[in-house]
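In: only geometry, no sequence info:
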């Protein structure tokens with residue numbers, strides 16, 4: 001029988017209040033009866049366990065007589081199916097001008113990649129009949145998760161926001177509880193001075209003191225408590241990365257009067273360094289694009305046509321998936337005087353023309369789209385995947401239209417798709433060496449570290465109150481795909497491939513006014529079996 005989806009196993013454990021090691025999830029997914037194996041693992045785990053380990057699973061399976069699959073459908077071990085699983089340090093990971101991933105090292109935002117000559121030269125004769133393509137639809141494997149379309153519950157009342165942040169705290173604090181001996185704020189307040197203590201909370205405030213130290217106020221469901229980070233503790237780099245409203249853990253020692261916690265260490269939820277991504281068991285590719293901006297007078301129609309022509313060539317035959325991370329159209333009234341830069345002034349006509357362009361993609365391509373801030377949906381995140389009227393216009397090639405963000409499991413690779421509005425805030429708040437428009441993937445590293453796509457509330461990024469915080473990265477993705485900033489950048493952080501895919505719009509007058517020099521007409525092509533990536537240039 002086919003192996004149960006790792007994502008479903010992780011979700012089943014999360015519903016029971018447990019995190020799990022990656023190996024534990026793999027063992028459970030390979031059991032003859034995954035549901036029974038999950039129940040047995042939870043039942044046999046110690047009462048104080050917060051995480052299901054591989055040892056817990058082995059004990060449970062040994063006790064029930066279950067067996068696990070140690071190889072994939074091709075007879076390879078799970079590690080062997082992952083391709084390039086070695087994690088590079090963030091400082092040396094793939095990025096424009098300094099790439100280390102396979103064929104990417106020749107690509108840069110301002111110069112064509114090594115294979116761009118093939119993209120810029122006359123394309124090979126296109127396959128005029130898609131039925132001649134070698135793709136087998138029976139081999140396809142695509143599932144969408146975390147889609148909140150049609151599930152919005154918020155009314156904008158204060159209580160709704162409380163519910164959202166409580167859910168954020170509960171789910172992110174579970175990740176951190178395996179690293180520190182957490183105590184609630186009210187319990188720490190009752191502890192004697194000089195005691196060792198650790199607290200997990202949302203950052204209510206962070207500020208510098210007159211002496212050059214940092215005061216961080218943490219809040220959990222029981223109250224608030226202050227932590228002082230001394231300037232001689234060597235934690236300045238960590239403090240520089242803290243954003244308001246994100247979830248962190250602080251360990252240290254209480255002052256003699258027990259009124260403040262002197263911090264010795266700070267922890268983010270973060271991606272484990274042991275993360276090992278999944279991979280397809282055949283050679284298949286996905287094109288990752290975003291920010292098409294049909295309707296703008298700077299939309300690069302010729303580049304788009306070159307891209308879709310290439311998709312019909314034998315060279316692109318492995319490209320069976322197209323993942324589009326928002327801003328299909330330019331929209332109307334998004335920024336001041338935008339109407340002066342519109343080729344199409346009617347929003348519905350913009351979507352109609354975009355749909356015509358989408359029809360140029362091979363008909364047997366599986367397409368997944370999420371909205372962005374230029375699209376005709378609410379600006380507050382999470383954004384639902386369009387109303388029925390626009391869905392009817394975009395009914396092309398059975399495209400799946402889901403919310404922003406959403407998780408897409410493609411051939412065993414977990415892809416987190418997020419348009420990326422919060423990147424503006426991360427880049428504005430953090431030091432340039434940690435987050436910049438020229439290297440957008442580094443700002444994405446920060447979101448991975450915080451396990452939340454939009455941690456800071458009340459600033460540039462608008463958040464819609466829901467019963468569930470759909471912006472939490474409860475499960476670690478294998479690929480993190482964003483757009484929005486119109487810059488091309490990619491790299492690996494703890495084995496997660498972060499990709500910002502550029503745009504299909506030349507520089508507008510508005511972009512000139514805010515010093516945005518876009519990387520337009522690029523299409524990152526991801527090998528789903530190895531997670532190697534090639535960037536092709538079509539402009």
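Out: Yep, it's here. Note that the coordinates shown come from a computational prediction; the quantities given were computed from them, not determined experimentally. Residues are numbered from 1 along each chain as shown.
In: Same question for the longest helix along the chain: list its buried residues.
Out: The longest helix of the chain (DSSP state H) is helix 158-176. Across helix 158-176, burial judged by 16 or more other C-beta atoms under 10 Å covers 161, 163-165, 167-169, 171-176. Where C-beta positions appear, they are placed from N, C-alpha and C, glycine not excepted.
In: Could you do stretch 282-295 as well?
Out: Buried residues in stretch 282-295, counted by 16+ other C-beta under 10 Å: 284, 285, 286, 287, 288, 289, 290, 291, 292, 293, 294, 295.
In: now swap in stretch 195-204 and tell me
Out: 197, 198, 199, 200, 201, 202, 203.
In: Below-threshold pLDDT in the stretch 401-539 of the chain: ranges please.
Out: Regions of the stretch 401-539 of the chain meeting the criterion pLDDT under 70 are absent.
In: So which residues of it form helices?
Out: 422-429, 440-450, 509-513 (DSSP state H, counting those that start in this stretch).
In: Figure out which of those is closest to residue 312.
Out: helix 440-450 (30.1 Å; C-beta to C-beta).
In: would you turn the helices of the stretch 401-539 of the chain into a markdown table with distance to residue 471?
Out: A markdown table is the format used below for the helices of the stretch 401-539 of the chain (distance: least, C-beta to C-beta, whole Å):
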| stretch | distance to residue 471 |
| --- | --- |
| helix 422-429 | 8 |
| helix 440-450 | 10 |
| helix 509-513 | 27 |
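In: in the sheet, who's paired with residue 520?
Out: residue 503 (DSSP bridges).
In: Does it touch residue 501 like I think?
Out: No - under the criterion of C-beta atoms under 8 Å, residue 520 is not in contact with residue 501, lying 10.9 Å apart.
In: Those two: which has the busier surroundings?
Out: residue 501 (28 against 23; other C-beta atoms under 10 Å).
In: so who does that one touch?
Out: With contacts defined as C-beta atoms under 8 Å, 6 or more residues apart in numbering, residue 501 is in contact with 288, 289, 290, 291, 325, 481, 482, 483, 488, 522, 523, 524.
In: Tell me how far the first one lies from residue 274.
Out: According to C-beta to C-beta, to the nearest Å, residue 288 and residue 274 sit 25 Å apart.
In: Just confirm residue 339 is within a helix.
Out: Yes - Residue 339 forms part of a helix when assessed by DSSP: H, G, I helix; E, B strand; the rest coil.
In: can you pull the contacts of it?
Out: 332, 333, 345.
In: Most neighbours among these, which one?
Out: Top of those by neighbour number is residue 332, holding 16 neighbours under the definition other C-beta under 10 Å.
In: Which helix or strand contains that one?
Out: Under the criterion DSSP states H and E, no helix or strand holds residue 332.
In: where in this structure is pLDDT low?
Out: Where the chain drops to pLDDT under 70, the residues are 1-7, 14-15, 17, 47-50, 63-134, 136-138.
In: now the helices: where do they sit in the stretch 251-400 of the chain?
Out: Counting by DSSP H, counting those that start in this stretch, the helices of the stretch 251-400 of the chain are 301-311, 347-358, 388-393.
In: how about JSON lines for those, with distance to residue 270 and mean neighbour count added?
Out: Shown next, in JSON lines, are the helices of the stretch 251-400 of the chain (distance: least, C-beta to C-beta, whole Å; neighbours: other C-beta atoms under 10 Å):
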{"stretch": "helix 301-311", "distance to residue 270": "36", "mean neighbour count": "18"}
{"stretch": "helix 347-358", "distance to residue 270": "37", "mean neighbour count": "19"}
{"stretch": "helix 388-393", "distance to residue 270": "37", "mean neighbour count": "14"}
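In: For residue 458, which of the ones you listed is the nearest?
Out: Nearest to residue 458 among the helices of the stretch 251-400 of the chain is helix 347-358; the distance by C-beta to C-beta comes to 28.4 Å.
In: quick one: the closest residue to residue 487 other than its chain neighbours and residue 206, what's the gap?
Out: Ranked by C-beta to C-beta, 6 or more residues apart in numbering and with sequence neighbours excluded, the top spatial neighbour of residue 487 is residue 440, at 4.9 Å. Between residue 440 and residue 206 the computed distance is 24 Å (C-beta to C-beta).
In: So for these two, which sits in the more crowded spot?
Out: Each of residue 440 and residue 206 has its neighbours counted (other C-beta under 10 Å); residue 440 has more, 32 against 17.
In: residues contacting that one?
Out: 420, 423, 427, 482, 485, 487, 489, 500.
In: so what's the fifth one up against?
Out: In other words, residue 485. 420, 423, 424, 427, 437, 440, 500, 516 are the contacts of residue 485 under C-beta under 8 Å, 6+ apart.
In: Tabulate those residues in CSV, adding columns for distance to residue 404.
Out: What follows is those, written out as CSV (distance: C-beta to C-beta, whole Å):
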residue, distance to residue 404
420, 9
423, 13
424, 15
427, 19
437, 20
440, 17
500, 15
516, 21
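In: what's around residue 510, how many residues?
Out: Residue 510: 16 neighbours (other C-beta under 10 Å).
In: just to revisit the earlier point, continuing past the longest helix of the chain, what's the next helix or strand?
Out: helix 185-189.
In: And that next one, what does it pack against?
Out: Secondary-structure packing of helix 185-189 (3 or more C-beta pairs under 8 Å, 6 or more residues apart in numbering; DSSP states H and E): strand 196-208, strand 214-220, strand 223-229.
In: Select, out of those strands, the one closest to residue 356.
Out: Going by C-beta to C-beta, the one of these nearest residue 356 is strand 196-208, 46.0 Å.
In: So what touches that closest one?
Out: In contact with strand 196-208 (C-beta under 8 Å, 6+ apart) are residues 165, 168-169, 173, 176-177, 180-185, 188, 191, 214-220, 224-225, 227, 239, 242-254, 261.
In: Would you write a PyMOL line that selects the buried entries of those residues?
Out: Here is the PyMOL command that selects the buried residues among the contacts of strand 196-208 (16+ other C-beta under 10 Å):
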select buried, resi 165+168+169+173+176+177+180+182+183+184+185+188+214+216+218+219+220+224+225+227+239+242+243+245+246+247+248+249+250+251+252+254+261
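In: quick revisit: for the buried residues of helix 158-176, could you give me CSV that also reports distance to residue 367?
Out: Output for the buried residues of helix 158-176, formatted as CSV (distance: C-beta to C-beta, whole Å):
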residue, distance to residue 367
161, 34
163, 34
164, 30
165, 34
167, 31
168, 31
169, 36
171, 30
172, 32
173, 37
174, 34
175, 33
176, 37
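In: closest to residue 384 among the contacts of residue 501?
Out: The nearest member of these to residue 384, counting by C-beta to C-beta, is residue 325 at 15.7 Å.
In: Give the bridge partners for that closest one, please.
Out: residue 370.
In: Wait, it touches residue 418, no?
Out: Yes - here residue 325 reaches residue 418: they are 7.1 Å apart, a contact under C-beta under 8 Å.
In: Quick check: neighbours shared by the two?
Out: 370, 481, 482.
In: Out of those residues, who's the most crowded?
Out: residue 370 (33 neighbours).
In: quick one: contacts for that residue?
Out: Residues near residue 370 by C-beta under 8 Å, 6+ apart: 324-326, 383, 385, 401-406, 417-419.
In: Dump those residues to a markdown table, plus neighbour count and distance to residue 301.
Out: As requested, those are arranged in a markdown table below (neighbours: other C-beta atoms under 10 Å; distance: C-beta to C-beta, whole Å):
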| residue | neighbour count | distance to residue 301 |
| --- | --- | --- |
| 324 | 26 | 16 |
| 325 | 29 | 20 |
| 326 | 26 | 19 |
| 383 | 27 | 26 |
| 385 | 25 | 25 |
| 401 | 22 | 23 |
| 402 | 22 | 26 |
| 403 | 24 | 28 |
| 404 | 29 | 25 |
| 405 | 29 | 29 |
| 406 | 26 | 28 |
| 417 | 30 | 24 |
| 418 | 29 | 27 |
| 419 | 26 | 22 |
